[in-house]
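In: One predicted model, sequence on top.
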Amino acid sequence: MIDSLVALSETTTLLATVPQPTPEAPPGSDGFLTVLNWIFWLVLLAAVAGFLIQIGMLIYNAIRGNAIQGFVGILICVVAAILAGSAVAILNIFI
């Protein structure tokens with residue numbers, strides 16, 4: 001029992017002394033990060049455009065009597081926007 005407590009104490013001491021490096025972008029990655037920002041902007045632009053198109057389709061389908069098809073399209077656009085926003089939030093944790 002005492003040996004396991006000593007081992008636990010030594011492990012805790014070892015883990016406490018492990019350095020915690022701060023993330024830093026490698027040299028020359030500015031262009032890559034710029035391209036990623038452009039791609040993210042385009043994805044959000046596509047999500048907004050898709051949402052507006054689906055609103056038009058909702059109106060059109062409501063007139064024809066198939067309103068449920070418009071709602072499905074709007075839900076897909078909302079989910080796509082949430083996923084895009086979440087991806088950026090998750091990646092910002094690592095940058």
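Out: Structure's in. What do you need? Numbering: from 1, shown residues only.
In: Need phi/psi at P27.
Out: Backbone geometry at P27, expressed as degrees, to the nearest 10, gives phi -60, psi 140.
In: Kindly tell me how buried it is, as a neighbour count.
Out: Counted with other Cβ atoms under 10 Å, residues neighbouring P27 total 6. For the C-beta atoms, the positions are set from N, CA and C on the backbone; glycine is no exception.
In: Please name the residues that touch V78.
Out: Counting by Cβ atoms under 8 Å, 6 or more residues apart in numbering, V78 makes contact with F51.
In: any idea which helix or strand carries it?
Out: helix 67-94 (DSSP states H and E).
In: Off-centre distance for the helix ranked longest in the chain?
Out: The single longest helix within the chain, with elements called by DSSP state H, is helix 30-64. Relative to its chain's centre, helix 30-64 lies at 16 Å (Cα atoms, centre = their mean, to the nearest Å).
In: now do stretch 29-49
Out: 13 Å.
In: The helix holding V78 to helix 30-64, inter-axis angle?
Out: 160 degrees (axes from the mean of the first three to the mean of the last three Cα atoms, to 10 degrees).
In: in helix 67-94, what's buried?
Out: Buried residues in helix 67-94, counting neighbours by 16 or more other Cβ atoms under 10 Å, are found at 70, 73-74, 77, 80-81, 84.
In: can you check stretch 45-53 too?
Out: Result for stretch 45-53 [16+ other Cβ under 10 Å]: buried residues 47, 50-51.
In: Distance of A80 relative to G73?
Out: According to Cβ to Cβ, to the nearest Å, A80 and G73 sit 11 Å apart.
In: Sounds good, over and out.
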